[in-house]
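**Student:** Quick check, what structure comes out for this input:
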Amino acid sequence: MATSPSGKIKFARRTSSGRIVSLPRDEGIDFVPELNSTSGGPSDYINYTVQMPPTPDNQPQPGPSPSDNIPRTQYGSHNTRVISNRRGEGETDGMGRSMSVMKSSNMSLIRSQTGDFDHNRWLFETTGTYGIGNAFWQPPDGGYDDEDEGVTRFDFMDKPWKPLTRKIKVPAGVMSPYRLLVVIRLVVLFFFLGWRVTNPNEDAMWLWGMSIVCEIWFAFSWLLDQLPKLNPINRAADLAALCEKFETPGPYNPQGRSDLPGLDVFISTADPEKEPPLVTANTLLSILATEYPVEKLSIYISDDGAAMLTYEAMAEASAFAEVWVPFCRKHSIEPRNPDSYFNQKGDPTKNKKRPDFVKDRRWIKREYDEFKVRVNALPDTIRRRSDGLNKKEARERHNAGGETPSNSNPPVKAIWMADWTHWPGTWANPAPDHSKGDHAGILQVLIKTPSFEPVEGMSGDHPYLDLTGVDIRLPMFVYVSREKRKGYDHNKKAGAMNALVRTSAILSNGPFIINFDCDHYIYNSYAIREGMCYMMDRGGDRVCYVQFPQRFEGIDPSDRYANHNTVFFDGNMRALDGLQGPMYVGTGCLFRRYALYGFNPPRAHEYYGLYGQNKKPASSSPDNVKVGVSKKDMEMLPLNEAELDAPKRFGSSKKFIDSIAVAEFQGRPLADHPSVKNGRPPGALLMPRQPLDATTVAEAVSVISCWYEDKTEWGDRVGWIYGSVTEDVVTGYRMHNRGWRSVYCVTKRDAFRGTAPINLTDRLHQVLRWATGSVEIFYSKNNAFLATSRLKFLQRISYLNVGIYPFTSIFLVVYCLLPALSLFSGFFIVQSLNITFLCYLLLITVTLMLLSLLEVKWSGIALEEWWRNEQFWVIGGTSAHLAAVIQGLLKVVAGIEISFTLTSKSAAEDEDDVFADLYEIKWTSLFIPPLTIITVNIVAIVVGFSRTVYSEIPQWSKFLGGVFFSFWVLAHMYPFCKGLMGRRGRVPTIVFVWVGLLAIVISLLWITISPPSSSADSSSSGNVDI
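**Tutor:** Alright, predicted model coming up:
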């Protein structure tokens, strides 16, 4: 190896984690060209030989080489032979050294899959680093110093270790100006508010006082909303790496079976009248056909209304799935919701290669149309069957000598199942043990546990579909309706979810859970796999849930009421992902079951300091310390019963308690790299699932009884949290408060899609429920002020904003009325429109617009979507948010419970006008505040204009200031006005009545408060010099 006379060769070794450790013992050794001499002088090293192994850029040239006589070792030998050199007898400088010399054949360094040179294999076998001037060797015993890491050379032989996910930071060219503008606007607001406080309007102190209070609150609210947005990030998942790690044949998985963890899918529904069974059935079909190992997937539907209609619709969907799911797998259908698939525009044959696709699609479309007819006819079918069997039962009772029912005691009209037995759930005519709040628990396995081995179709199995080579298995599907009895608080949706958690733990015990509303279906069949990448990646054991963004269909093109909510899902949630993680928003969320049980993460940090700038590892629980067991070995062990604190926390079910440790162990990432902590060994999840037996099903029924949660921590620390109509936000907050992290998974193709209310009344009621839940959070122990030190500072700010934002409505209503009060009184919020006020106003507006443009840049939303969000923020803030604050205060002060209306899910059956619901007007009291604001501002503009025109000294500056802000208010109220006008722009009569009454009342009040002065007074009050 040729070196320069002044050059030095520095030695270092690579540790098992990949870190390079320098060896200073070689300092001061100069290797000069005399090294190759054989003269026997003091610098003669006869036995010292350095051989560079073959790499693509140092292949030997043809011809003999001086190093051909050097002994070589074959690649693959476990006994590494170390050739050491020693100094000769005549050496007096004490430079004894040893070096590992190894050489591998060219063929052993070639990847068999690609034919490329295997650098990782070369690095390990030659114990060297790629490059000149470095050497890397093993200790003489042939191993590494860090033996507890368990790394062998076989870890480097096949392929390099690949992470399943990666972070993609927003470019600095966008974020640096964005953060700078936040600081600039904050400084400008500080000086502006200081100027406003020190320069009151002496002529109208009441107007100045109201305006300055509102402006201070708006600045505080903007700061709460803006601070968590300072570190947005993007993420990407590698599905190929997931398949390679968990579903590729290898030493621990010879047959290439799926080593992915089990997954339980929850679907929630409550009322078949507001949530059409056909919508729920389509959601179920999309989940049954998703791309996840069939034997690892289990689906549960919670019917909190215990309706016979929902049960039979699910039974029909299960039967139709036997042909729909294989069809989707055969032709790679997207999306796998049949209604969305057949209604999508475009060429259905695009990218379809099978010649029988058109024939199969035509046949399956006909089958789906018949399926829809059967589902839509179920109400009439159930009614006719029940009427016939009720009459038959009455005749049999009469023939048996029973009493004839009288008018005072009419016969009970039961609901009958297809097998001629009474339906144990609710009946159309409520009866004892058969009403919505009083019925037995129901559990029915509609699709049994699939076989562990794939079951492929054969030619001739189906008369119309050729399913040769297609896996025809279906995931397990279970219908669940928890028991309800009078006198028990069933805790709405949160109670239903907790019942599913317990019964699924008994039946399938998937370590991960994903929940859907009945109208949210899987639009991307690989989305769940992308979410699983974050759970199974390095550090995934600290992730409590993966939240997917909500996307909606059936929204009007202009998105009049900001139903897409992209500013929140693509802006706020993406920014929170750069902190401790996004909030849980109710649907489309992949949970770690172990985190739902209320346990702390395996590793967490505590943040302290003025703004959480310092952190330290959180103290470990004493239960996690096992005597005589090393830390690494302890991580590989499952939990024991003593650590679970059962049954005090989880109830009396022994099967459920035993399932907790199993779910925790199976949910760990794969321990395929030394940096993966708290992992499980590869191949641990290749065993088949045990079939269900009668004892197991009976235990699953017992855990959904209404008394099971008595004297336990369900709803308080375990499962979905009770006590709020927005149980989703509280549940996610509790997990973050224990130190868990969450991840926001934005897929290239939308993961899930659902429906949203496009009617103004329904939309306002939806916002009212969210805001009411936020007010409940503010007045409860879930307030972010009371959070633990495990919650990051900016994450705490975001949760604090969740509880505070509804109170902004009070100041917003006042501020929207200030322009009208200014026009009525003839005064403005400042003494005069001087240059200082206008400059501050310009700076605040410009910085806000620039921030919005940069936010649009890094979040990917459109300017129109941002403007729609601003408009509906004013509409909702002056109506639903204000009502939520009043309801919350009534609950705290008077103890009045809050009830909410279930959001209707449209089935979109009107093919002539899919947006017919947009123009429907449903009067509600929530319309009164914004309607009042609109009327007052319009009347004020007319009054202010008249006063200015007819006054002897017109104050046009004050009038223009008031008019500008009035138009600002009216521009934000424009979607509300369009909603009141209906389809053809006709304003309802009730609006004219309200406008007329308000105009008369306001005029009379103003005349009473400020009567017009006489002409004499006005002429003597001021002189005009010409």
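**Student:** hey, let's count contacts and neighbours off CA atoms from now on
**Tutor:** Fine.
**Student:** Quick check: closest non-adjacent residue to Asn937.
**Tutor:** Ala820 (5.0 Å; C-alpha to C-alpha, 6 or more residues apart in numbering).
**Student:** what's near enough to touch that neighbour?
**Tutor:** Contacts for Ala820 (C-alpha atoms under 8 Å, 6 or more residues apart in numbering) come out as Val936, Asn937, Val939, Ala940, Ile941, Gly962, Ser966.
**Student:** out of these, who's nearest Trp873?
**Tutor:** Checking the contacts of Ala820 against Trp873 with C-alpha to C-alpha, the nearest one is Ser966 at 16.7 Å.
**Student:** Would you mind listing the buried residues in the helix or strand hosting that closest one?
**Tutor:** Following DSSP states H and E, one finds Ser966 within helix 956-972. Going by neighbour count (16 or more other C-alpha atoms under 10 Å), the buried part of helix 956-972 is Lys958, Phe959, Leu960, Gly961, Gly962, Val963, Phe965, Ser966, Phe967, Val969, Leu970, His972.
**Student:** so what's the fifth one up against?
**Tutor:** With contacts taken as C-alpha under 8 Å, 6+ apart, Gly962 has the following neighbours: Pro819, Ala820, Ser822, Leu823, Phe828.
**Student:** tally of neighbours for the fourth one?
**Tutor:** Spelled out, it's Leu823. For Leu823, the tally of surrounding residues (other C-alpha atoms under 10 Å) stands at 27.
**Student:** From what I see, it and Val943 are in contact.
**Tutor:** Yes - Leu823 is within contact range of Val943, at 7.1 Å (criterion: C-alpha atoms under 8 Å).
**Student:** Could you measure from Lys448 over to Ser318?
**Tutor:** Between Lys448 and Ser318 the distance is 11 Å, computed by C-alpha to C-alpha, to the nearest Å.
**Student:** So between these two, which is more surrounded?
**Tutor:** For Lys448 and Ser318, the more surrounded residue by other C-alpha under 10 Å is Ser318, and the numbers stand at 20 against 15.
**Student:** So the more buried one belongs to a helix, correct?
**Tutor:** Yes - under DSSP: H, G, I helix; E, B strand; the rest coil, Ser318 falls within a helix.
**Student:** Please shift the residue numbers so they start at 89 in all later answers.
**Tutor:** Noted, 89 is the first residue going forward, which turns the last one into Ser406.
**Student:** Do I have it right that it meets Leu534?
**Tutor:** Yes - with contact defined as C-alpha under 8 Å, Ser406 counts as touching Leu534 (7.0 Å).
**Student:** Including secondary structure, distance to Lys765 and pLDDT, could the contacts of Gly1050 go into a markdown table?
**Tutor:** Shown next, in a markdown table, are the contacts of Gly1050 (DSSP: H, G, I helix; E, B strand; the rest coil; distance: C-alpha to C-alpha, whole Å; pLDDT from 0 to 100):
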| residue | secondary structure | distance to Lys765 | pLDDT |
| --- | --- | --- | --- |
| Pro907 | helix | 61 | 88 |
| Ala908 | helix | 63 | 89 |
| Ser910 | helix | 64 | 85 |
| Leu911 | helix | 67 | 84 |
| Phe916 | coil | 64 | 82 |
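**Student:** residue ranges for the helices of the stretch 539-688 of the chain, please.
**Tutor:** Taking DSSP state H, counting those that start in this stretch as the test, the helices found in the stretch 539-688 of the chain are 580-595, 615-624, 654, 661-664, 681-684.
**Student:** Give me the buried positions along the first one.
**Tutor:** If I follow you right, that is helix 580-595. Here helix 580-595 shows 581-595 as buried, counting by 16+ other C-alpha under 10 Å.
**Student:** related to what we said a few turns ago, biggest separation within the contacts of Gly1050, which pair?
**Tutor:** Within the contacts of Gly1050, Ala908 and Phe916 form the most distant pair, 10.1 Å apart (C-alpha to C-alpha).
**Student:** model confidence over the helix holding Ser1054, on average?
**Tutor:** Average pLDDT, helix 1044-1060: 83.
**Student:** Please apply the same query to stretch 1068-1076.
**Tutor:** Stretch 1068-1076 shows a mean pLDDT of 63.
**Student:** Contacts for the host helix or strand of Leu942, please.
**Tutor:** Using DSSP H and E, Leu942 sits within helix 923-947. Helix 923-947 is contacted by residues 258, 262-263, 266, 269-270, 272-273, 276-277, 280, 658-659, 662, 950-951, 954 when judged by C-alpha under 8 Å, 6+ apart.
**Student:** Fine by me, we can end here.
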